[in-house]
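**Student:** Just need the structure, nothing else, for what follows:
(chains A, B and C)
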Amino acid sequence: MAEKEIAIEVPAVPPLDIKSMTVPIPPGLIEECERKDEFMIFVGPQHGGSGHMRIIVRLKGDVITEAIPDPGYVHRGVEKLAENRLYIQNIPLVERPAIMDSANFNLGYVRAIERALDIEVPERAKYIRTILAELCRIGTHLYDAGILSVFLGHTTGFMWPFAMREMICEALMRISGARVTASYIIPGGVRRDVSKGVLEYVREVTFFIEKKTKDFEKIFIRNPVTIARLKDVAPISKKEAIKYGLVGPFLRACGVEYDVRAIEPYEVYDQLSWDIVVADDGDSYSRFLVRVNEIIQSINIIRQAIGILRSMPEGNVISPDVAGKKKKAKEEGEEKAEEKGPSDVKGKFYRFFGRLTLPAGEYTTLTEAARGTLLYTIVSDGQSTAPYRLRVVTPGWLYLKGFMESLKGCRLADLQAVYGSFGYFPPEADR
Amino acid sequence: MPGVFKITVPSPNFPERVKGHLTALAVGVREVIRPNRMTIQYPRERRKLPDRFRGMLQFDISKCISCFQCAFVCPANAIVMKRGPDGKFYPCVNYSKCVFCHFCADTCTKGAWKPSKFMDVAFPTIEDMLLTTEVLLKPPKVEREDKRTVVYELREGDLIMKKLPPEEDIIGVEKD
Amino acid sequence: MGGNMLGYNELLSMFRENMVSIPLLTKKVALFQYGGNVVYANSLVDVLANVPLLNLIVSAIFWRPLFAILILPGLTGIMLALLYIIWFERKLTAKVQWRFGPLEISRSIGGLIQPLADGIRYFFQEVIVHREAHRPHFLQFPLLSFLPVLLPILVIPAGAIYAIRTPYAIPIAVGLIALIPIVIVAIGWASNSKYAFIGSMREVFMYFAYEIAMIIAAMAMVIAYGSADAFVIVEKQSIVPGILLNPFACLAFFIATIMATSRFPFEIPEADQEVVFGPFVEYTGIIFGVVMTLAYEKLYLLCLLLSILFLGGWNGPYIPLGDLSPAIWLYIKTIVLMMIFVFFRSIYGRYRLDQAMRIGWGSLLGLAFVSLGVGIGIACTGWL
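**Tutor:** All right, here's what the predicted structure looks like:
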C-alpha cells in the first residue's frame, strides 16, 4: 500500500493575547491590572530562575502584589500509574518524583506495606535504612543550597554543594549499586547487606562533608551579600505558618517544634540521640540556616548508626516474616521460629514479593522527607496484587500555598531568593 | 525524645561585614593558589565502579528455565519473552524502557541475568534498543578510549583522586 | 573639481608626517658600521614608498590617529583583550569551583582559543528578529554600540600614540564613557519585551547609582595632580603612583567600575536568573555575540582610565620597540586590572537593585567625598 501525504494546517504563529493562553487566572484579572496600573509578567517554566513551574506575578513598580502559581508541568500521574502495577513494581515508581530524596520516598511506601502485613524488620536492616534516609536528606539539602546559590547568581555556591553531593552519590552507589534512585528498601528490610568497607567509606564521607561545609560557610553562608539578599525577606510568622500549612524545615524555621521523626518515630530514630533544629525569625535566611544545621544533625545520626552497625553481626537484613519461614515453622508445629533471615534477596525476589496481596483496608504512614511531611495511603481491596488506590502527598504540594502567600510585598528580585530558600522542587510537588 | 537546637541567626554590623568580605575573598584566593579539582575527564578517564554496580545486564542462556518471572517483575515492562528455535521462550530486553533497577537479576532463581559494570552504550536507532536474545548472547563491541581509572578516596576529610592504569575488563560481568 | 581637494600626494605626505615610530616598520634601524658609513635596514614604509596604492594604505595604518583607534589601544587591542579575558574568567572561576573550565578545543594550551571558537559558532547561528521588535533599531543598535566604545579612545593616549591631544583628556573620556548606558537602554527599548524593559530600567537605576561617585573620584585625582592632561598626570606619577597618593579615590573608582560594568556583586541589569539577561534577552546569533562583549569593552575603557590615573599609566622600563613600548606597558597594566575584576565572579552573588542603589548613594558617595577632600589637600600642599 503506497503512502499518501496529507497536508495538515498547523498555525505557526503563536497567539498574541494572554486570554488565548491557558493560564489559571481568574476572569477580569487583566483588566484589573490595567486599571490599577500594574504589570503582569510570567516567570515561566523556561526561565533561568524557576524550576518547571510558571508563576504569574502582578507587579506594582518593583513590588509584587500577588503571585498565582501554575503548577502541573511535570505531572506524570504517579498515583494513576501505581494502580496498574504490582506492589513491588511501585518501588521504582514512587522513588522518581523527588530524585535526590529517593530513600525517604521509598521508605514511606514500604512502611505502609509493612504496616498492612504486620512485618517486623530486623535491627540491622533498620539501621541501614536510617543511614540511607539520612544520606538522602543531606543530599537534598545540599542540592537545595546549590539551587539557592544559583538563583542568587553565586556560581561557586552552586558548584561546591553539588561536588559534595557527588561523594554522597558515590556512597549510594557503593551501598546499592545506583547513584541516585537506589530502589534498595523492600518490605521486610533491604535488598542486600553492606560490607565493612562500605561503612568505613560512608563514615569518611561525613568527615569530608563536615570539612567542606566550613569552607562553604565562609564563602556563601556568611558572605555579606548573601545575608543582605536573604535576611528579612518574606518573613512568615508562627500563626501564619500554621494557618497556611507549612511543613518540614520551613515550619521549624518559624518557631514550631514539629518533626515527624520526633512525634511518631519510625526506624531507629528514638534510639539515637539527635536534635530538632528550630529558628525564630521565619525569614529566608532562617529557612536556609535550619537546613544547613540539619545537615550537621544528619551527620551525627549517621555516625552513631555506623558505630552501632559495626558491632552487629552481618547478615539478617530481610525479615523472616517475608521469607515465609515463620509461617512454615508454625505449620510444622515448632515453638521457636527461626529468627535469622537471609542476607541477600538474590534469586528469591519474586518468590517473596511477586504475589503480594495486602488485606483489605486503608494504611497510612507519615515520613519526614527532606523537605517536609510525606504522606502515603494505600487502599487495598484484599484480593488484587496491585493497589486499589495509592495516595501520595508530597511536601512540595503542601507548602506551595505558604510560599505564594509569603511573596506578597517582596520585590521582583526577591522572587528567586524566596524560591531558593523554600527549595521548591516542581517534579516532587507535581508528582 | 530528641532535644531542640535553636539556631542563632547572625545579623552582622559593619566591622563584621568587612570581615565577612575579606574571609570570602581569602577562601577564593586560597582555592586559586591550590586548586583541588575533582573532575573525572571522561572519556579519557573512567571511574572505578564497585562490584554491585547496576549496569547493563548480560544473559546466560544455559541457565534460563523459561519461568517468565523476570518479565513478570520488571517495573517498566522492558522484558519481552520470545520463542526461541528450540521451542522454549527466552527474554529480550528493551533498553529504551529499562530503568536498571536489577529486579530481574534478583528474581532469577538460576542466576541467568548477570549485572555488569558498563552503562554507556550507544544505539543508532530506537528500534535497535530492543535487544533480541541473539543479540544478548553476543558480547558487546567495546571501543576503549580511556587511559586511566580514577578512584575517589577520602582520608580524614580530604579527597584524593587515585589515578590507576586502565582496567582490563571493562565489561566486568559478575562471575559465579 | 575645486582647488581645495586633497590630492593623492598631499594625502600621502600628511600621513607620513605624523607616523608612529616603530623600528623596522616605520623607522630605519642602524645595523652596523662599515668603513665610516652606517648601514641601515630599511623600514617597511620606506620599502613600499614608491608602490602606487600600497604606500597610501600602509602609511594610513601607521598614521598616528588611525593607529590609535584601529590597532592599539583601539579596536585590535580591545579584541585581543576580550579574547584573553573571557578565557581567563572561565578558567579562574573553574579553578575556584573545583573543576577545569574549557579544555577540549586546544588541549595542549589549556583551551586558550575557546572564545574564538565560540565567536565562530555564533556566526553559524540564526539571527531571529521577533515579531514585536522594531526591526531596524533592533539590528542596528548593537553595531552602533561600537561608537561610544571607540569614542573615548580618541582622547586617551597611550604613550606617544594618541588621536587627539587635548589638555582636557580625562573629563572628556569620563563624559564619553557615560554614553554607553544610553545604547544599552536603547537596545532594551527596541526589543519591545517585558523583561527587556525591566532590564533597561535596572540599567538606568544603576547608572544613577555609580556615575556621581565615579566623576567625583576622577575629579579628585585631577585636582590632586593639578591638570586634566593625561601626559602631565602620568609624568607626575613617576615618583609615586596615584594609588598610594589617594587610596580612597582608587577604592571609590574601583567599586564604581564594578557597578558600571556589571561585574559581580553588582551584575544587576543582566541578571540571568531574575530578568533572563535583561535588555539582551531577545538576541541570538552573531548580534548576541556583539552585545555580550559590550560590558567587557566598557571594562577595558574604565581599566585604561584606572591605570592612567592610579597606576602610573605607561611608565615602565623601555622595551626596544620604539613608540610601542609605553603603549605595551599601559596595555599590560590594563589587562592585569581586568584580571582582578573578573575574579569577583567566583566569590559573590548579586545584590538587589535597591541595595545597590543604597550603597551607591550612601557609602560610595561618602567615600568619594572623602577622596575629594584628600585630593584638595594634596593640591593645597603644592607637593606635586
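
**Student:** Flag every residue of chain B that's near chain C.
**Tutor:** B:24-25, B:27-28, B:31-32, B:35-39, B:41 (CB under 8 Å from any CB of the partner chain). Where you see a C-beta, it was placed from the backbone N, CA and C, and this is true even at glycine.

**Student:** export these to TSV and tack on neighbour count?
**Tutor:** Putting the residues of chain B next to chain C into TSV (neighbours: other CB atoms under 10 Å in any protein chain shown) gives the following:
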residue	neighbour count
B:24	23
B:25	17
B:27	22
B:28	23
B:31	22
B:32	14
B:35	15
B:36	13
B:37	16
B:38	15
B:39	15
B:41	16
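
**Student:** So which of those belong to helices?
**Tutor:** B:24-25, B:27-28, B:31-32 (DSSP state H).

**Student:** Could you list which of the residues you listed also contact chain A?
**Tutor:** Among those, proximity to chain A is found for B:24, B:27-28 (CB under 8 Å from any CB).

**Student:** can you list the residues you listed in JSON lines and add pLDDT and distance to residue C:296?
**Tutor:** JSON lines is the format used below for those (pLDDT from 0 to 100; distance: CB to CB, whole Å):
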{"residue": "B:24", "pLDDT": "87", "distance to residue C:296": "24"}
{"residue": "B:27", "pLDDT": "87", "distance to residue C:296": "26"}
{"residue": "B:28", "pLDDT": "86", "distance to residue C:296": "21"}
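
**Student:** Please name the nearest non-neighbouring residue to residue 70.
**Tutor:** Using chain A here. Excluding the flanking residues, the one nearest residue A:70 by CB to CB, 6 or more residues apart in numbering or on different chains is residue A:54, at 4.0 Å.

**Student:** Let me rephrase: I mean chain C.
**Tutor:** residue C:76 (6.5 Å).

**Student:** quick one: the one you found and residue C:328, what's the gap?
**Tutor:** Look at residue C:76 and residue C:328: by CB to CB, to the nearest Å, they are 13 Å apart.

**Student:** which of the two has more neighbours?
**Tutor:** Taking other CB atoms under 10 Å in any protein chain shown, residue C:76 and residue C:328 do not tie; residue C:328 has more neighbours (17 against 13).

**Student:** is chain A contacted by whatever helix or strand residue C:219 lives in?
**Tutor:** With secondary structure defined by DSSP states H and E, residue C:219 is part of helix C:194-225. Yes: using CB under 8 Å from any CB, helix C:194-225 reaches chain A at C:194-195, C:198.

**Student:** excluding its backbone neighbours, what's nearest the single nearest residue of the stretch 1-150 of chain A relative to chain B?
**Tutor:** Minimum separation of the stretch 1-150 of chain A from chain B (CB to the nearest CB) falls at residue A:89, amounting to 4.0 Å. Distances taken as CB to CB, 6+ apart place residue B:75 nearest to residue A:89, at 4.0 Å, with adjacent residues excluded.

**Student:** How about residue C:361?
**Tutor:** Using CB to CB, 6+ apart, the closest residue to residue C:361 is residue C:209 (6.5 Å).

**Student:** so what are the domain limits for the chain?
**Tutor:** By default, I'm working from chain A. Domain assignment of chain A by automatic domain parsing yields the ranges A:18-70, A:78-430.

**Student:** Switch to chain C, please.
**Tutor:** Taken from automatic domain parsing, chain C resolves into C:8-13+C:22-62, C:117-381.

**Student:** Point out the most buried one among those domains.
**Tutor:** domain C:117-381 (a mean of 20; mean count of other CB atoms under 10 Å in any protein chain shown).

**Student:** ok, the residues of helix C:194-225 next to chain A vs residue C:287, which is closest?
**Tutor:** residue C:195 (17.3 Å; CB to CB).

**Student:** I'd assumed residue A:39 was in contact with that closest one.
**Tutor:** No: if you go by CB atoms under 8 Å, residue C:195 and residue A:39 don't touch, sitting 11.1 Å apart.

**Student:** Retrieve the pLDDT associated with residue C:6.
**Tutor:** pLDDT for residue C:6: 65.

**Student:** I should have written residue B:12 there, sorry.
**Tutor:** 73.

**Student:** That one sits in which helix or strand?
**Tutor:** Going by DSSP H and E, residue B:12 is not part of any helix or strand.

**Student:** I'd like to know how many residues surround residue A:9.
**Tutor:** With other CB under 10 Å as criterion, residue A:9 counts 5.

**Student:** May I ask you to confirm that it belongs to a strand?
**Tutor:** No: assessed with DSSP: H, G, I helix; E, B strand; the rest coil, residue A:9 is coil; it does not lie in a strand.

**Student:** Residue B:117 versus that one, what's the distance?
**Tutor:** From residue A:9 to residue B:117 the distance is 52 Å (CB to CB).

**Student:** related to what we said a few turns ago, so the residue nearest to residue A:89 makes contact with residue A:92?
**Tutor:** Yes: with contact defined as CB under 8 Å, residue B:75 reaches residue A:92; the gap is 4.8 Å.
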